[in-house]
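1. For reference, the sequence and a predicted model appear below.
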There are 2 protein chains.
Amino acid sequence: MAVSGRGPRERMVFSAAQLIRRDGVASTGMREVAAHARAPRGSLQHYFPGGKEQLVNEAVGWAGRYAAGRVARFLAALPEPTPGGLFSQMVRQWTDEYTSTGFEGGCPVAAATVDRAGSSASTREAVSAAFDGWTGAVALALSDMGVPAERARPLATLMISSLEGAILMARAERDVRPLTAVSRELGPLLDSAVDATG
Amino acid sequence: MAVSGRGPRERMVFSAAQLIRRDGVASTGMREVAAHARAPRGSLQHYFPGGKEQLVNEAVGWAGRYAAGRVARFLAALPEPTPGGLFSQMVRQWTDEYTSTGFEGGCPVAAATVDRAGSSASTREAVSAAFDGWTGAVALALSDMGVPAERARPLATLMISSLEGAILMARAERDVRPLTAVSRELGPLLDSAVDATG
DNA sequence: CGGCTACTATGACAGCGGTCATAGGGCGAG
DNA sequence: CTCGCCCTATGACCGCTGTCATAGTAGCCG
């Protein structure tokens, strides 16, 4: 899995996200990130004077923006946008990866939360911002579909929570069933929120 | 937080679970576990000849049995058992902890998944078993409430997934809102599965 | 050419990790 | 008493980590 982003800096951030989502933050070494990104080791202290913490925070930020950006793409792929359809697409991204590439990776934001929420304030804030941006993107999409404003954000939170939890369980069991179960059960319930008048 | 379980061995397993859920598996040292359990360091290699992997696996197993056991207690606390009521209790346990003790800890099973699912086969199996036992307990409770047999397990998976994801988000944001949102949104939907004839 | 900036290249350092080796106590059995 | 067993105690080892210090190269500007 050769990384071929533009500059070495971007490649390192991207590689960090990849390695974190596979091994966790603590088990991912700086040298490993540089090697994976095919970047010189000396560039680490040049581009990331804030050390590992900065690198991790940027990787989390990148992952959050990536997840939020995917929402718009999922919508574009849907002929008729519905909450359940969007959720199905979000889940599908993971079932596709797991069935094709294997159960090696999880969500880097979740990994950063587990490993650093209690020990690094700045990383915790980066994670919070990532979740917030992602939730906002989903909530906006729900609003556009006709979900009442006051329910858009809670439902977006529910969608992302269910997805994150199902990712954990799927990885643990090496089976996509938790993902498909969550999609099948929650999808219709989400759709029923569209026509709800109150 | 002095640990006062019965034997040193149990105390170490319990302490390991506590530390893992706070700092993650990789950031939790063996010496730290022994110190936290007020157990002699030499006992580590005596009780856990399989090393850290064994200790982590037992901590995960303990956590899984604990979570599964809580389900029965939650049911007993409900005057009239409903799926939404059960879920509300499951969530409540976490909001109570977070509002009283702070957002220091997460779920140890989730932590073990993130940190070890890709690197330790035995730990991944322990995590899988923990999720499986927990899901089974919830599914059994749902069946007893009248949820159709074929939907009991998928719904249990949805409940646990949502809870795990909401724990992540709540820790990240240092706010119980994700937990309350998930409970409020998912509860009624779960209750509607009871009277569903198909 | 010099001077400057951006980036790369290594080597060292101190700290901590899990694990192993070895030996010491406590105590019941014979 | 001695033996054997369970548990404890401690020191050492090696590998790896993040970080720093220092020196090197490339290329642009004047």
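-> Great, that's in hand. Numbers count the residues shown, from 1 in each chain, chains lettered A, B, ... in the order given.

2. quick check, stretch A:31-40 touching chain B?
-> No. On the criterion CB under 8 Å from any CB of the partner chain, stretch A:31-40 is out of touch with chain B, staying 13.0 Å away. Quick note: C-beta positions are derived from backbone N, CA and C, even for glycine.

3. Now the helix-or-strand element of chain A with minimal mean pLDDT: buried residues?
-> Among the helical and strand segments of chain A, the one scoring lowest on mean pLDDT, DSSP states H and E is helix A:42-47, with a mean of 93. The neighbour-count check on helix A:42-47 (16 or more other CB atoms under 10 Å in any protein chain shown) flags A:Ser43, A:Leu44, A:Tyr47 as buried.

4. Now do it: distance to the chain's middle.
-> Between the mean C-alpha point of helix A:42-47 and the mean C-alpha point of its chain there is a distance of 26 Å (CA atoms, centre = their mean, to the nearest Å).

5. Low-confidence stretches in chain A?
-> Per-residue confidence of chain A (counting by pLDDT under 70) places the weak regions at A:1-5, A:195-198.

6. list the contacts for the residue in chain A that DNA strand D sits nearest to?
-> Going by CB to the nearest atom of the strand, DNA strand D is nearest to A:Gly51 of chain A, at 2.6 Å. With contact set as CB atoms under 8 Å, 6 or more residues apart in numbering or on different chains, A:Gly51 has these partners: A:Gln45.

7. A:Thr180 contacts A:Ser88, doesn't it?
-> No. Taking CB atoms under 8 Å as the definition, A:Thr180 is not a contact partner of A:Ser88, at 9.7 Å.

8. need the residues of chain A near DNA strand C, please.
-> Counting by CB under 7 Å from any atom of the strand, the positions of chain A adjacent to DNA strand C are A:Pro8, A:Ala39, A:Pro40, A:Arg41, A:Gly42, A:Ser43, A:Gln45, A:His46, A:Tyr47.

9. how does it look with 6 Å?
-> For chain A, the contact set with DNA strand C under CB under 6 Å from any atom of the strand comprises A:Pro8, A:Pro40, A:Arg41, A:Gly42, A:Ser43, A:His46.

10. okay, now A:Pro40: neighbour count?
-> Taking other CB atoms under 10 Å in any protein chain shown as the neighbour definition, A:Pro40 ends up with a count of 12.

11. next one: phi and psi at it?
-> Backbone torsions of A:Pro40, given as degrees, to the nearest 10, read phi -70, psi 140.

12. Starting from A:Ser15, give me the distance back to the nearest residue to it once chain neighbours are set aside.
-> Excluding the flanking residues, the one nearest A:Pro40 by CB to CB, 6 or more residues apart in numbering or on different chains is A:Ala34, at 6.8 Å. Separation of A:Ala34 from A:Ser15 (CB to CB, to the nearest Å): 8 Å.

13. These two: which is more packed in?
-> Applying other CB under 10 Å to A:Ala34 and A:Ser15 shows that A:Ser15 carries more neighbours, namely 24 against 20.

14. State the three-state secondary structure for that one.
-> The three-state assignment at A:Ser15 reads helix, by DSSP: H, G, I helix; E, B strand; the rest coil.

15. before we move on, back to that, now the helix or strand where the residue nearest to A:Pro40 lies: buried residues?
-> Secondary-structure assignment from DSSP states H and E places A:Ala34 in helix A:30-36. Neighbour-count burial for helix A:30-36, with 16+ other CB under 10 Å as criterion, is recorded at A:Met30, A:Val33, A:Ala34, A:His36.

16. what does stretch A:92-109 give?
-> A:Trp94, A:Thr95, A:Tyr98, A:Phe103, A:Gly105, A:Gly106, A:Cys107, A:Pro108, A:Val109.

17. gap between it and the chain center?
-> 11 Å.

18. export the buried residues of helix A:42-47 to JSON lines and tack on distance to A:Gly64?
-> As requested, those are arranged in JSON lines below (distance: CB to CB, whole Å):
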{"residue": "A:Ser43", "distance to A:Gly64": "24"}
{"residue": "A:Leu44", "distance to A:Gly64": "22"}
{"residue": "A:Tyr47", "distance to A:Gly64": "20"}
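
19. Could you pull up the residues touching the spatially closest residue to A:Pro83 that is not a sequence neighbour?
-> In this structure, A:Pro83 finds its nearest non-sequential neighbour in A:Leu190, 3.7 Å apart by CB to CB, 6+ apart. For A:Leu190, the contacting residues are A:Thr82, A:Pro83, A:Gly84, A:Phe87, A:Leu155, A:Met159, by CB under 8 Å, 6+ apart.

20. which residues of chain A fall in helices?
-> If DSSP state H is used as the criterion, the helices of chain A fall at A:8-23, A:30-36, A:42-47, A:51-77, A:83-101, A:108-116, A:121-144, A:149-173, A:177-191.

21. check contacts around A:Arg174.
-> A:Arg174 makes contact with A:Phe103, B:Arg124, B:Ser128, according to CB under 8 Å, 6+ apart.

22. how close does it get to B:Pro154?
-> A:Arg174 sits 18 Å away from B:Pro154, taking CB to CB as the criterion.

23. Same check on A:Asp191?
-> The spacing between A:Asp191 and B:Pro154, counted by CB to CB, is 17 Å.

24. and what of A:Val176?
-> Plainly put, A:Val176 is 13 Å away from B:Pro154 if you go by CB to CB.

25. again, but for A:Glu125
-> Using CB to CB, one gets 35 Å for the distance from A:Glu125 to B:Pro154.

26. Comparing these two, which shows the higher neighbour count?
-> Shown here are A:Glu125 and B:Pro154; by other CB under 10 Å, B:Pro154 has more neighbours (23 against 15).

27. my read: the more buried one touches A:Arg184, true?
-> Yes. The pair B:Pro154 / A:Arg184 is scored as a contact, 6.7 Å apart, by CB under 8 Å.

28. got the contact list for stretch A:121-130?
-> A:25, A:53, A:56-57, A:60-61, A:63-65, A:67, A:109, A:112-113, A:116-118, B:171-174.

29. Near A:Asp115, how many other residues are there?
-> A total of 27 residues lie near A:Asp115 under the criterion other CB under 10 Å.

30. contacting residues for it?
-> For A:Asp115, the contacting residues are A:Gly24, A:Val25, A:Ala26, B:Asp23, B:Gly24, B:Ala26, B:Ser27, B:Ala111, B:Val114, B:Asp115, by CB under 8 Å, 6+ apart.
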